[in-house]
Each structure stands twice: as C-alpha cells, then as structure tokens.
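Trainee: whatever this is, show me its structure:
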Amino acid sequence: MAAHNELGKEGEALAVTWLKKKGYTILHTNWRHSYYEIDIIAMQEKMLHFIEIKARKASPFGHPEDSVTKKKFKNLQRAADEYLFLHPGHQWIQYDILAITIPANGEIEYFLIEDVFL
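Mentor: Numbering: from 1, shown residues only. Got it, this is the predicted structure:
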C-alpha cells in the first residue's frame, strides 16, 4: 500500500477515536456510492454529519484542510444526497472537515471545520 494511503487510513482511525470522544456516534466509515465516498457519517444529538477527513504529516507546505477543493466538496454533496435518498428522515444535516496534522514528534493536532459550504 502506498504511503499516502496508509496515512489516510491512519487519519481515519484517529478521526473515529477523536469524534467518539467528542460525543459523536459513528454510523458509517468509507460509505460509498458509485464513484463517490464519504469518509465518516456520524450523528451528534439530532444533527447528521458528513465528515471529510484530511490527514497530513506536519509540513511547511500547507494545512490538510487546504486540499479540500470545490470539486471534492461537490462529490461529498453528491454522495450525501444519495445517502439521504437511501436513508430518509434526517431533518438536520451538516458538512464538516476534520483536518489532522501528525507531527514527527509531539501531539497530534485536530482542527474541525463545521458547517462547511463551498
């Protein structure tokens, strides 16, 4: 497996643990429809969250959240639309980005951007 794929898997595992500690109930990870994927689908209180996870080793070349483009966000919305069609009844939804920076030494940094719309 390529190094960036391993980093992605590690980031998603870290995200699940972090979100659970923050009171989220994880419904699905890596939910797929056609060409689209949602990294994490979770509930917190009455809100359904579609969460894009971006993990990156600490680098001077930018933050993980910088790599979420309008195209990537539109794909997340298309997948979410299909999820909502297959699982109706959710009154409140939200799109979030969880950026995870993994330093060589030190504490992992989590940055949750809530209610994103690009």
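Trainee: residue 84: what's it in contact with?
Mentor: Neighbour list for residue 84: 90, 93 [criterion: C-beta atoms under 8 Å, 6 or more residues apart in numbering]. (Each C-beta comes from the backbone N, C-alpha and C, glycine too.)
Trainee: in what helix or strand does it lie?
Mentor: Here residue 84 is covered by helix 70-86, with elements defined by DSSP states H and E.
Trainee: give the buried residues for that helix.
Mentor: 73, 75-77, 79-80, 82-83 (16 or more other C-beta atoms under 10 Å).
Trainee: and stretch 35-47, by the same measure?
Mentor: For stretch 35-47, the neighbour count (16+ other C-beta under 10 Å) marks 36, 38-42, 47 as buried.
Trainee: pLDDT of that stretch, averaged?
Mentor: Averaged over stretch 35-47, pLDDT sits at 95.
Trainee: roughly how far out does it sit from the chain middle?
Mentor: 8 Å (C-alpha atoms, centre = their mean, to the nearest Å).
Trainee: need the CA coordinates for it. CSV is fine.
Mentor: The C-alpha coordinates for stretch 35-47 follow below in CSV (Å, rounded to 0.1, in the frame of the first residue of the first chain):
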residue,chain,number,x,y,z
TYR,A,35,-17.7,7.0,-7.7
TYR,A,36,-18.3,8.9,-4.5
GLU,A,37,-17.2,8.3,-1.0
ILE,A,38,-18.0,9.8,2.4
ASP,A,39,-15.2,9.3,4.9
ILE,A,40,-17.4,9.4,8.0
ILE,A,41,-21.1,9.7,8.6
ALA,A,42,-21.9,10.4,12.2
MET,A,43,-24.7,11.7,14.5
GLN,A,44,-24.4,14.1,17.3
GLU,A,45,-27.6,14.9,19.0
LYS,A,46,-30.1,15.5,16.2
MET,A,47,-27.5,16.5,13.6
